[in-house]
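S.K.: Model the following, please.
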Amino acid sequence: MERITLNIENRKSEVYIGKDWKTVNELLPAGGYIIITDENVRNIYGKDFPVCPVISVKPGEESKNLNTLGRLAQGLLGAGIDRSGFVLGIGGGVVCDIAGFLASVYMRGIKFGFVSTSLLSQVDASVGGKNAVNVEKVKNILGCFRQPEFVICDQKMLKTLPEDEYISGLAELIKTAVILDAELFSLIGQNVNRIKNADPGLLEDLIAKAVRLKASVVTEDEREITGKRMILNFGHTFGHVIETVTGMKHGFAVACGMAIACDISSATGFMSTAESERIKSLLNDFGLLKKHGVTAGLFGKMLLTDKKKEGSRINFVMAGPVGRAEVVKMEADEILKIYRSVISSE
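M.R.: Predicted coordinates:
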């Protein structure tokens, strides 16, 4: 087991990689806590949950909305959770987002922690303090920055994931390597079959490396003030549009967004064509690149709702060479012009 500590503005958040999730009782306060989970996770693990009130949401992105948030807040009130209370989210990225945001705004903020059950959330979603919900089809438009007290990442839980859910999480692992660590990228490429087979020892090592990398970025720029943290959005500008329009799972949509960002990074000289193809090849090795059918015109319309937009300009993440990334302010029209030139030449 490895413990990674994030120290941000005199606040500490602990991430436990390889810790048995059933030991979560050791980290909970003496009383006044409640569990938020989804129906699938509750069916699989509910019998081993700590003894306390439990509220379930429907699995999937459609639960990340204000109606769900209101229902959960009523549930906390009904359970007698006050300002000394604690919210424990047990689930993947959606549950962590909902639980973290609810705890951050309930009675102006109470403490919370996560047991992260999916690869996507262990690598990315549960770590770093971003909590948000969607409004209609606009992703994560209402949210906040607030760190959990702790996150438990137990790799044994990944064995119960559906295959497409597990593969989806690999996109964020690859993203982290592309923008922050060339050695991690090589390690992933050298172990494709072991990763596909969910080798627990290897996964623990890869997840720990990814969390340490993300922690270093978040510690330096928790609220995306300096721009350093924005590099973590690599692939998400187009990926979020694809996810919203098609309903594609987050990781697959981000992988498609990464492929587009690689093409744009190559066209603008940030990375070589060979590097772009190398990254897309690795994404293909895991079956992450799917046909999305989103037109350039629809991309243009949807980019206007991007959280990273400032006026008509977007903070677009360029990668290259592998292991490095840079945020570039670009006009949305310029991004689309490059995108159109790339797809017309394929």
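S.K.: Glu61 touches Gly92, doesn't it?
M.R.: No: using CB atoms under 8 Å, Glu61 is not in contact with Gly92, being 10.6 Å away. Every residue, glycine included, has its C-beta placed from N, CA and C.
S.K.: These two: which is more packed in?
M.R.: Neighbours were counted for Glu61 and for Gly92 using other CB atoms under 10 Å; Gly92 has more, 30 against 16.
S.K.: next one: phi and psi at the more buried one?
M.R.: When read as degrees, to the nearest 10, the backbone of Gly92 gives phi -90, psi -160.
S.K.: Now it: closest residue in space, sequence neighbours ignored.
M.R.: Ser118 (3.4 Å; CB to CB, 6 or more residues apart in numbering).
S.K.: got it, and Met258?
M.R.: Here the residue nearest Met258, using CB to CB, 6+ apart, is Gly235, at 3.4 Å.
S.K.: And for Val317?
M.R.: Going by CB to CB, 6+ apart, Val317 has Phe234 as its nearest residue, at 4.2 Å.
S.K.: Neighbours of the one you found, how many?
M.R.: 25.
S.K.: Can you give me the separation between it and Val211?
M.R.: Distance, Phe234 to Val211, using CB to CB, to the nearest Å: 17 Å.
S.K.: Ile55 now?
M.R.: In this view, Ile55 and Val211 are 27 Å apart by CB to CB.
S.K.: who's more crowded, these two?
M.R.: Legend: neighbour count by other CB under 10 Å for Ile55 and Val211, higher for Val211 (26 against 20).
S.K.: And that one, which helix or strand is it part of?
M.R.: Using DSSP states H and E, Val211 sits in helix 200-220.
S.K.: Identify the residues contacting that helix?
M.R.: If you take CB atoms under 8 Å, 6 or more residues apart in numbering as the criterion, helix 200-220 is touched by 2, 4, 6-8, 15, 17-18, 119, 122-124, 127-129, 153, 155-156, 158, 172-173, 176-177, 180-181, 184, 187-188, 191, 194-195, 226, 228-229, 231-232.
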